[in-house]
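Engineer: Need coordinates for the below:
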Amino acid sequence: MRKSHLFVVAFTVLSVLAALLVPAMPQPLDYHDFADVRPMFGIPNFMDVVTNGAFVLVGLVVVLRRRTAFETGAERWPYAVFFVGVVLTGLGSGYYHLAPDNERLFWDRLPMTIAFMSLLSAQVVDRMSVRAGLALLVPALLVGAATVFYWRATERAGAGNVIPYAVLQAYAVVVLFLLTRLHPSRYTRGTDLYWVFAGYVLAKVFETLDRPIFELGHAISGHSLKHVAAGAAALLLARMLRLRRRQTRVAPLPHF
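Structural biologist: Predicted coordinates for the structure are as follows:
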């Protein structure tokens, strides 16, 4: 087993332990206190609602047509599930932002786990093993969904625990980065995934600066910009799929 594989296995074990052993933490109620609550056209929290259209528009782009390079037809499935997850994230997040609370947040987070875990499966397919990546898809989706169902159940029981969901999201991002860094893709444009990471990081920055950004001119909030940045990251992935080709020799990854 390669050292990179051992590292992923070790990180997986540590993540499971963290999800099980880190003290429970309920969802902070101030999470739902967004900066821009202005209604427009009869829609409450208008900007935070409509900017989710970025996810829906990107997800509906036809990226899995014949010109998209796949060595086997089965390799399309993880990406197909990913873009379904993107569309559902836009719909679920829009529904949540109409009246933010924990119950509605469930419908935002569940499709996000679909997108994260299917993208993880897709990169295993592209970079390590087609068989292993396809076998991983359904179990990964079930684990992702389980963390969200568990969080909602604990909140309803009055002892909320968001830790497993938070660990899962961090785990998916770290492992995706490691796969990109350590395993060249069988297709061209594999390093385009770094731009997807950049979009994700930018979305997190916007989310953190929700109110300060809104107070700059009261035009748009950081959270609304988060939706746009995350949608742009999904668009970059769609562009990668449209432009890539099967390569006969795997190019070395760039060094940093």
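Engineer: Which positions in stretch 153-172 come out as buried?
Structural biologist: Residues 154-155, 160-169, 171-172 are the ones in stretch 153-172 that count as buried (16 or more other C-beta atoms under 10 Å). In short, each C-beta sits where N, CA and C put it, glycine included.
Engineer: so what's F55 closest to, chain neighbours aside?
Structural biologist: Spatial nearest neighbour of F55, excluding adjacent residues (C-beta to C-beta, 6 or more residues apart in numbering): G90 at 3.0 Å.
Engineer: Just the pLDDT at the one you found, thanks.
Structural biologist: Looking at G90, its pLDDT reads 94.
Engineer: List phi and psi for Y187.
Structural biologist: phi -120, psi 160 (degrees, to the nearest 10).
Engineer: tally of neighbours for the residue lying closest to it once chain neighbours are set aside?
Structural biologist: In this structure, Y187 finds its nearest non-sequential neighbour in R244, 4.4 Å apart by C-beta to C-beta, 6+ apart. Close neighbours of R244, defined as other C-beta atoms under 10 Å, add up to 19.
Engineer: contacting residues around R244?
Structural biologist: 68-69, 185, 187-190, 192 (C-beta atoms under 8 Å, 6 or more residues apart in numbering).
Engineer: Go through the host helix or strand of the residue nearest to F55 and flag the buried ones.
Structural biologist: Element membership for G90 (DSSP states H and E) is helix 76-98. By neighbour count on 16+ other C-beta under 10 Å, the buried set for helix 76-98 is 76-79, 81-83, 85-94, 96-97.
Engineer: How far off centre is the helix or strand following that helix?
Structural biologist: Scanning forward in sequence from helix 76-98 by DSSP H and E, the next helix or strand is helix 102-127. What separates the centre of helix 102-127 from the centre of its chain is 5 Å, taken as C-alpha atoms, centre = their mean, to the nearest Å.
Engineer: Show me which positions of helix 102-127 end up buried.
Structural biologist: Quick answer for helix 102-127 (16+ other C-beta under 10 Å): 102, 104-127.
Engineer: Hmm, L241 and F83 touching each other?
Structural biologist: No: using C-beta atoms under 8 Å, F83 is not in contact with L241; the gap is 9.4 Å.
Engineer: mind checking how far stretch 215-224 is from the chain centre?
Structural biologist: The answer for stretch 215-224 is 23 Å, by C-alpha atoms, centre = their mean.
Engineer: Can I get that stretch in CSV, CA atoms only?
Structural biologist: Presented in CSV, the C-alpha positions along stretch 215-224 are these (Å, rounded to 0.1, in the frame of the first residue of the first chain):
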residue,chain,number,x,y,z
GLU,A,215,-22.5,46.8,6.1
LEU,A,216,-20.0,48.1,3.4
GLY,A,217,-22.8,49.4,1.3
HIS,A,218,-25.9,47.4,2.1
ALA,A,219,-26.0,46.1,-1.5
ILE,A,220,-25.2,42.4,-0.9
SER,A,221,-24.2,40.3,2.1
GLY,A,222,-21.4,37.9,2.5
HIS,A,223,-23.8,34.9,2.7
SER,A,224,-25.3,35.8,-0.7
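Engineer: What residues sit buried inside it?
Structural biologist: Those buried within stretch 215-224 under the rule 16+ other C-beta under 10 Å are 220-224.
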